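Engineer: sequence first, then the predicted structure, then my questions.
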Amino acid sequence: MGHHYVLRVVSALLIPVILLFALYVQFHGDFGPGGGFQAGVIFAAALVLNALVFGLENTKRVVSPSAVRIGAALGLLLYAGVGVATMLLGGDFLAYSVLAATAIGGQHLGILLVELGVGITVTSVMVSLFYNFAS
Amino acid sequence: MVSAIAILRMPGLFTAAMISGIYSLVAAVVFLVMDAVDVAFTEAAVGAGVATILMLATLAHTGVRRSQPVPFSWIGLLVVLVAGAALVFATFDMPAFGEPLAPIHMHVAPRYLLESMAEIGVPNAVTSVLASYRGYDTMGEVTVIFTAGVGVLALLGRGRRAPTEDVKDS
């Protein structure tokens, strides 16, 4: 795609906005529509668009294949780790209320961490699938 | 439905992949109309975006023509018609869309909606149900996604190891 100037310019403008929107969907999921799954796929879509327009090798230099492999496990580990942490703090598995001083604060922290884990895993798996199919 | 028939009729798999992307985009709009913004997000990004690109990447490996036309089968048509009629018949028992007295809205949903603010303190009830009340289920979903990724890696991933040599001494 060396000569598609319009595609390259528009993508270069759009990709940062898409990434930012994914982060907004991730961390604003408590208040508006969205959450880890949605943010993960939007983030992955931005990376896939980057790979399509600017070349797979350029994207792999930024987000390496081994990084997405580790990320896929890391997100799930974060999710399960929150559950183990609540058990160690004396609550039930994934009962977030014990995570902070107040029950509401614990729920906020737990949901934030769990959604972050979901987002990391979804992004990593999507990008990893794309890398494997495209290479 | 129109796009399903169009996919069947298309000789080229490239156009079929594009039409399936269009179908996902239309489905995303339908979800948006039904006020399921979260699902619409996912459908637009996964169905119309990533899945279409994965299909195109697969076509780049395998080729864009169908190997041979699928022969017409009366048994297949019969099975599809009977199964479709059974599914349509089953929908007559479903409550109307948005019916407030539907069983699904009478069980735990009122508690989730009314007390979520006091118990979880998160304005978006979808998030509080997904991440807190139904935390186990969501962890299962993440596990499914992770397992799918591992499966694809196992099938397609090119490991960094050299090809295994035959074991000399057993």
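Structural biologist: Ah, there it is.

Engineer: for chain A, which helix is longest?
Structural biologist: For chain A, the helix with the greatest residue count under DSSP state H is helix A:103-134.

Engineer: next up, the contacts around B:A148.
Structural biologist: For B:A148, the contacting residues are A:V125, by CB atoms under 8 Å, 6 or more residues apart in numbering or on different chains. C-beta here means a position set from N, CA and C on the backbone, and glycine is covered the same way.

Engineer: which SSE is it in?
Structural biologist: helix B:135-156 (DSSP states H and E).

Engineer: that helix versus helix A:103-134: what angle between them?
Structural biologist: 20 degrees (axes from the mean of the first three to the mean of the last three CA atoms, to 10 degrees).

Engineer: can you pull the buried residues of helix B:135-156?
Structural biologist: B:G135, B:T138, B:M139, B:E141, B:V142, B:I145, B:F146, B:G149, B:V150, B:V152, B:L153 (16 or more other CB atoms under 10 Å in any protein chain shown).

Engineer: from B:M94, how far out is B:L87?
Structural biologist: 11 Å (CB to CB, to the nearest Å).

Engineer: just B:G49 next, same as before
Structural biologist: 31 Å.

Engineer: A:A103 touches A:G91, doesn't it?
Structural biologist: No: the pair A:A103 / A:G91 is not scored as a contact, 10.2 Å apart, by CB atoms under 8 Å.

Engineer: now do the shared contacts for these two.
Structural biologist: A:S97.

Engineer: please enumerate the helices of chain A.
Structural biologist: A:5-27, A:36-54, A:56-62, A:65-88, A:103-134.

Engineer: any chance of a markdown table for those, columns mean pLDDT, mean neighbour count and distance to chain B?
Structural biologist: Below are the helices of chain A laid out as a markdown table (pLDDT from 0 to 100; neighbours: other CB atoms under 10 Å in any protein chain shown; distance: least, CB to the nearest CB, whole Å):
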| stretch | mean pLDDT | mean neighbour count | distance to chain B |
| --- | --- | --- | --- |
| helix A:5-27 | 89 | 15 | 7 |
| helix A:36-54 | 87 | 24 | 4 |
| helix A:56-62 | 86 | 13 | 10 |
| helix A:65-88 | 87 | 18 | 5 |
| helix A:103-134 | 85 | 23 | 4 |
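
Engineer: now those in JSON lines, with distance to B:S73?
Structural biologist: Converted to JSON lines, these look like this (distance: least, CB to CB, whole Å):
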{"stretch": "helix A:5-27", "distance to B:S73": "44"}
{"stretch": "helix A:36-54", "distance to B:S73": "37"}
{"stretch": "helix A:56-62", "distance to B:S73": "41"}
{"stretch": "helix A:65-88", "distance to B:S73": "41"}
{"stretch": "helix A:103-134", "distance to B:S73": "31"}
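
Engineer: any weak-confidence spans in chain B?
Structural biologist: B:1-11, B:64-70, B:98-111, B:113-123, B:125, B:157-170 (pLDDT under 70).

Engineer: please parse it into its domains.
Structural biologist: Per the record, chain B has its domains at B:1-65, B:102-159, by automatic domain parsing.

Engineer: could I have the CA atoms of stretch A:70-86 written out in PDB?
Structural biologist: Coordinates of each C-alpha in stretch A:70-86 appear next as PDB, following Å, rounded to 0.1, in the frame of the first residue of the first chain:
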ATOM      1  CA  ILE A  70       2.100 -12.700  27.200                       C
ATOM      2  CA  GLY A  71      -0.700 -10.100  27.300                       C
ATOM      3  CA  ALA A  72      -3.400 -12.700  26.600                       C
ATOM      4  CA  ALA A  73      -2.300 -14.700  29.700                       C
ATOM      5  CA  LEU A  74      -1.700 -11.600  31.800                       C
ATOM      6  CA  GLY A  75      -5.300 -10.300  31.400                       C
ATOM      7  CA  LEU A  76      -6.800 -13.500  32.500                       C
ATOM      8  CA  LEU A  77      -4.300 -13.800  35.300                       C
ATOM      9  CA  LEU A  78      -5.200 -10.200  36.500                       C
ATOM     10  CA  TYR A  79      -8.900 -11.200  36.500                       C
ATOM     11  CA  ALA A  80      -8.300 -14.400  38.500                       C
ATOM     12  CA  GLY A  81      -5.700 -12.700  40.600                       C
ATOM     13  CA  VAL A  82      -8.400 -10.200  41.800                       C
ATOM     14  CA  GLY A  83     -10.500 -13.200  42.800                       C
ATOM     15  CA  VAL A  84      -7.600 -14.700  44.700                       C
ATOM     16  CA  ALA A  85      -6.900 -11.400  46.300                       C
ATOM     17  CA  THR A  86     -10.500 -11.100  47.600                       C
END
